[in-house]
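got a structure for you, letters missing:
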């Protein structure tokens, strides 16, 4: 990028994104690093903007060590007024994709970002204008049923955004850095203050669940084969597909603790190796090899080979869309039919991890941390702290 002089002591260059960067002497007279002006357009647009922001005067003040906070505030408001938060969105998305963030993480960040702009009416503001007052009420809304985890994710999304904005000189600081998720009594209701302990499935409950899915599969297969009609079942083929998925998914999570999202995306090639399953974990964006138990093998062999690549193409499409919570919601309805209360699909993962811990404690001469590390490798946890949260 070739630099040009647009005013006395002020240089500019245009990035590939079309945004102009500026460089000039700072408070001590030394040149600043290149930073974003927030302006897209022609050289004439930039010159007009620099003139309206009185940047040349401010640079002169800085060289004389007379740059006051009010003068600096005037400059930052001027250079940022055209780069709105709405305009930054696509650049931020492209950046997250380039650095290899998981698609699910990108979608989560963008969803909460859009919600933040909408709820707080910030779309037309520039990053320079964002203060603590724009962030705190969104992260910690008063009299809100939001759980602590949801508040943490909201704050994470905004902090991630400002890390990008700072790296590209779209703002002078990160106001989200000083925001904390409130957990005190003055902001959270009693039910929110408690860390919810997820109850594990008992063996009778799990057997009842598998029996329910198996019975449904046999009934639906006969119904379709005999070309009969059941007024209670609107789409028997679709329900049969879901029952097969839930039966297999429940067994996989019970045996090796797989998440429902990872099961939805399983490929036939994942089962090509003898005695193991190669799983791509969506949450950590990595591949792991897990042992193939006899129970898993029997369940796998009962699946019909419909799609050439994926075991469950319908469920995969859902989990990769904005409807990714649909499989878990459908599973809860089946739990109601089985008269199993207070459980979710993720409780199967908790059940597996607790069972693995007990088996290792009973049969292996390992320390507590070594047991947690071994479990973490199987269930793809980043550290033992995460594993401890399941116990």
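Thanks, I have the structure now. Owing to the predicted nature of the structure, the values given are computational and were not obtained by experimental measurement.

state the distance from the residue nearest the centre of the chain to residue 292.
Central residue check for the chain by Cα atoms, centre = their mean: the C-alpha nearest the mean position is that of residue 105, 2.9 Å away. Separation of residue 105 from residue 292 (Cβ to Cβ, to the nearest Å): 29 Å. Where you see a C-beta, it was placed from the backbone N, CA and C, and this is true even at glycine.

do residue 265 as well
18 Å.

when these two are compared, which one has more neighbours?
Set residue 265 next to residue 292 and count neighbours by other Cβ atoms under 10 Å: residue 265 wins out with 20 against 17.

give me every residue that touches the residue lying closest to the more buried one once chain neighbours are set aside.
Of all residues not flanking residue 265 in the chain, residue 316 sits nearest, at 5.3 Å (Cβ to Cβ, 6 or more residues apart in numbering). Listed by Cβ atoms under 8 Å, 6 or more residues apart in numbering, the contact partners of residue 316 are 264, 265, 310.

check which helix or strand covers residue 316.
Here residue 316, judged by DSSP states H and E, is contained in helix 313-319.

pLDDT wise, what is the residue nearest to residue 265 at?
For residue 316, the model assigns a pLDDT of 89.

quick check: residue 109 vs residue 224, distance?
Distance, residue 109 to residue 224, by Cβ to Cβ: 43 Å.

so for these two, which sits in the more crowded spot?
Each of residue 109 and residue 224 has its neighbours counted (other Cβ under 10 Å); residue 109 has more, 22 against 12.

who's in contact with that one?
For residue 109, the contact set (Cβ under 8 Å, 6+ apart) comprises 96, 101, 156, 157, 160, 161.

same question, residue 367
Contacts of residue 367 (Cβ under 8 Å, 6+ apart): none.

mind starting the numbering at 19 from now?
Got it, the first residue is 19 from now on, which makes the last one we talked about residue 385.

closest to residue 62 out of the contacts of residue 334?
Taking Cβ to Cβ as the measure, residue 62 lies nearest residue 283 of the contacts of residue 334, at 50.7 Å.

run a quick neighbour tally on the residue lying closest to residue 402 once chain neighbours are set aside.
Spatial nearest neighbour of residue 402, chain neighbours left out: residue 390 (3.9 Å); criterion: Cβ to Cβ, 6+ apart. The number of residues packed near residue 390 is 23, by other Cβ under 10 Å.

measure residue 390 to residue 247 for me?
In terms of Cβ to Cβ, residue 390 sits 53 Å off from residue 247.

tell me the helices and strands packed up against the one helix or strand residue 54 maps to.
If you go by DSSP H and E, residue 54 is part of strand 53-58. Contacts defined by 3 or more Cβ pairs under 8 Å, 6 or more residues apart in numbering; DSSP states H and E place strand 53-58 against strand 37-41, helix 61-70, helix 87-98.

any regions of the stretch 219-368 of the chain where pLDDT drops low?
301-303 (pLDDT under 70).

tell me where it has helices.
221-243, 254-274, 278-282, 312-319, 331-337, 344-355, 364-381 (DSSP state H, counting those that start in this stretch).

with distance to residue 20 added, can I get those in TSV?
Putting the helices of the stretch 219-368 of the chain into TSV (distance: least, Cβ to Cβ, whole Å) gives the following:
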stretch	distance to residue 20
helix 221-243	66
helix 254-274	57
helix 278-282	48
helix 312-319	61
helix 331-337	47
helix 344-355	52
helix 364-381	55
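
now residue 105. Nearest residue, chain neighbours left out?
residue 58 is the one closest to residue 105 (Cβ to Cβ, 6+ apart), at 8.0 Å.

burial count for the one you found?
Neighbours of residue 58 (other Cβ under 10 Å): 16.

run through the bridge partners of it.
With DSSP bridges applied, residue 58 shows beta-bridge pairing to residue 37.

so it versus residue 73, what's the distance?
To residue 73, residue 58 is 17 Å away according to Cβ to Cβ.

same question for residue 230.
With Cβ to Cβ as the criterion, residue 230 and residue 73 are 70 Å apart.

how far away is residue 200 from residue 137?
In this view, residue 200 and residue 137 are 18 Å apart by Cβ to Cβ.

mind checking which of the two has more residues around it?
residue 200 (15 against 11).

looking at this, the more buried one is in a helix?
No: looking at residue 200 with DSSP: H, G, I helix; E, B strand; the rest coil, it is coil, so not inside a helix.

could you find the closest non-adjacent residue to it?
Leaving aside its chain neighbours, residue 200 sits nearest to residue 158 (4.6 Å; criterion: Cβ to Cβ, 6+ apart).

for residue 107, same thing?
Leaving aside its sequence neighbours, residue 107 sits nearest to residue 131 (Cβ to Cβ, 6+ apart; 6.9 Å).

element containing the one you found?
Per DSSP H and E: helix 121-138 holds residue 131.

check the offset of that helix from the chain's centre.
Relative to its chain's centre, helix 121-138 lies at 9 Å (Cα atoms, centre = their mean, to the nearest Å).

next secondary structure after that helix?
helix 150-157.

mind giving me the packing neighbours of that next one?
helix 121-138, helix 166-185.

pull the residues that contact it.
Here helix 150-157 has contacts from 134, 137-138, 140, 143, 169, 172-173, 176, 193-194, 196-197, 199, using Cβ under 8 Å, 6+ apart.
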